[in-house]
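# next come a sequence and a model predicted from it.
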Amino acid sequence: MTLIGQPVTIIGAGVAGLAAARALAMRGAKVTVLEQADAIREVGAGLQISPNGACVLRALGLQSALDAASMRAEAVHLIDGPDGELVTRLDLARLRPDKGYHFLHRADLIDLLLRGATEAGVTLRLLSRIASVDLSGPHPAVVLETEERIEMPLLVGADGLHSKTRAALNGAEQPFFTHQVAWRSVIPCEPGAAPIAEVHMGPGRHLVSYPLRGGTLRNIVAVEERAKWAEESWTLRDDSMDLRLAFAGFSPRVRGWLDRVEDPWLWGLFRHTVAPTWVRPMGQGGVALLGDAAHPTLPFLAQGASMGLEDAWVLAHALATHESPAVALAAYQTLRKPRTARIVAAASANARGYHLSGLPRMIGHTGLRLLGRLSPGAMLSRFDWLYGHDVTQG
């Protein structure tokens, strides 16, 4: 089908929604993005874009913007949290010199995607809070909280964890609380910090940190296993003392960082299923999910943003190259669902490895040290299926 002049409505101006907006507009679609906020803003936090996500930004013509906004990672250090000793180093710069692993502030990624979408002719409609998504008629429709009803031939639901589009396609979902919570914060960075992601591992908890914005800021994400439930929300604050107490047994380096944290964000980590149904053809259009609306994931592989970028490219390419919306939407789900399910499962498994205690912890760390010395590329090779995949090459 041709996308030239094709109206497309996207719910959500996050990473996946804005990337899809640019990808579709570059192919000639007339794209409108509905965003509930009064302005595009992001809660301050860092994120990682691995090579599989970076290749999408490059194909969207945003490589220079990515390079300007990010720091290119040199390595990942796996560190024993309590004693601060290096367990192993994954040398990205030496072992994968042709691949780009990037650290950047989420707000900077949103900004470059928004500018890219706007330059491509996308219309952004703010203060468009969705009350419901209606798939009962011949075309998709959304009803705003103002009671305005908007019908469109093609609807893309990039409306996040609590997606109304997903609910319209699949019904209500009951996510499972993992008995883990995560704090996140950004603090001033110490001068001269190398672009290295540090993973400090301890019994029942771990902390990830890396520099942002040329080394002026340091991103912190800290995860603890606990019985007490916490809300699945990006806007909940917590007492910084709770965070410090949770990591009181960690090294002076970690404790020094946490001493500088004020009012961290806290969110409960819930395990969601990958959506059973991602698409529905309707008339000469239909509806599709992408990003967290389709496959919410735990943060232990740092793949949330990159998966959303992949989704955006594959959906736009499918719609532009297949003979009908029905065939295109089916192809999109077939291509994306198995891969994202594998990534979600791998992220869940990573948490268990970070949180070992007792004898399994000693054996695990010993194995990592030996593997790092004898075959330094082996650990990275385990994830070639993830980081080496380029959706822009078909």
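Alright, I've got the coordinates. Numbering: from 1, shown residues only.

# ok, now how distant is residue 147 from residue 123?
When distance is defined by Cβ to Cβ, to the nearest Å, residue 147 is 21 Å away from residue 123. C-beta coordinates here come from the backbone N, C-alpha and C atoms, glycine included.

# any regions of the chain where pLDDT drops low?
Regions of the chain meeting the criterion pLDDT under 70 cover residues 42-44, 229-235.

# all helices of it, in order?
Assigned by DSSP state H, the helices in the chain fall at 15-26, 51-59, 63-69, 92-95, 106-119, 164-170, 240-246, 252-258, 304-321, 325-354, 358-374, 378-381, 384-387.

# neighbour count winner among residue 147 and residue 123?
Each of residue 147 and residue 123 had its neighbours counted (other Cβ atoms under 10 Å), and the higher figure belongs to residue 123 (14 against 7).

# so how many other residues sit close to the closest residue to residue 193 other than its chain neighbours?
Counting by Cβ to Cβ, 6 or more residues apart in numbering, the nearest residue to residue 193 once its immediate chain neighbours are dropped is residue 211, at 4.5 Å. Counted with other Cβ under 10 Å, residues neighbouring residue 211 total 23.

# who's in contact with residue 211?
Contacts for residue 211 (Cβ atoms under 8 Å, 6 or more residues apart in numbering) come out as 71, 103, 189, 193-195, 217-219.

# same thing but 10 Å
Residue 211 makes contact with 46, 71, 73, 103, 189-190, 192-198, 217-219 under the criterion Cβ atoms under 10 Å, 6 or more residues apart in numbering.

# tell me which of the helices of the chain is the most buried.
Ranked by average neighbour count under the criterion mean count of other Cβ atoms under 10 Å, the helices of the chain are headed by helix 15-26 at a mean of 28.

# and stretch 122-130, end to end?
Chord length of stretch 122-130, first to last residue, is 19 Å (Cα to Cα, to the nearest Å).

# does residue 364 touch residue 370 like I think?
No - because the distance of 11.0 Å does not satisfy Cβ atoms under 10 Å, residue 364 is recorded as not touching residue 370.

# nearest to residue 132, of the helices of the chain?
With Cβ to Cβ, the closest approach to residue 132 among these belongs to helix 164-170: 6.2 Å.

# quick one, phi/psi of residue 203?
Its backbone dihedrals place residue 203 at phi -60, psi 120, with angles given as degrees, to the nearest 10.

# quick one, what contacts it?
Residue 203 makes contacts with 81-82, 225, 249, 355-358, 361, as judged by Cβ under 10 Å, 6+ apart.

# ok so, going back, how near is the residue nearest to residue 193 to residue 2?
Counting by Cβ to Cβ, the separation of residue 211 from residue 2 is 45 Å.

# before we move on, what about residue 309?
Per Cβ to Cβ, residue 309 is found 24 Å from residue 2.

# am I right that residue 371 is in contact with residue 378?
Yes - at 5.7 Å, residue 371 counts as touching residue 378 under the criterion of Cβ under 10 Å.

# could you pull out the strands for the stretch 151-300 of the chain?
Per DSSP state E, counting those that start in this stretch, the stretch 151-300 of the chain carries strands over the ranges 154-157, 176-188, 196-202, 205-212, 217-225, 265-271, 279-282, 285-289.

# highest mean neighbour count out of those strands?
Relative to the other members of the strands of the stretch 151-300 of the chain, strand 154-157 carries the highest mean neighbour count by mean count of other Cβ under 10 Å, namely a mean of 29.

# which residues touch the closest residue to residue 322 other than its chain neighbours?
Leaving aside its chain neighbours, residue 322 sits nearest to residue 328 (3.8 Å; criterion: Cβ to Cβ, 6+ apart). Taking Cβ under 10 Å, 6+ apart as the criterion, residue 328 is in contact with 1, 3, 154, 279, 281, 286, 288, 315-322.

# just the closest of those to residue 117, please.
residue 316 (12.2 Å).
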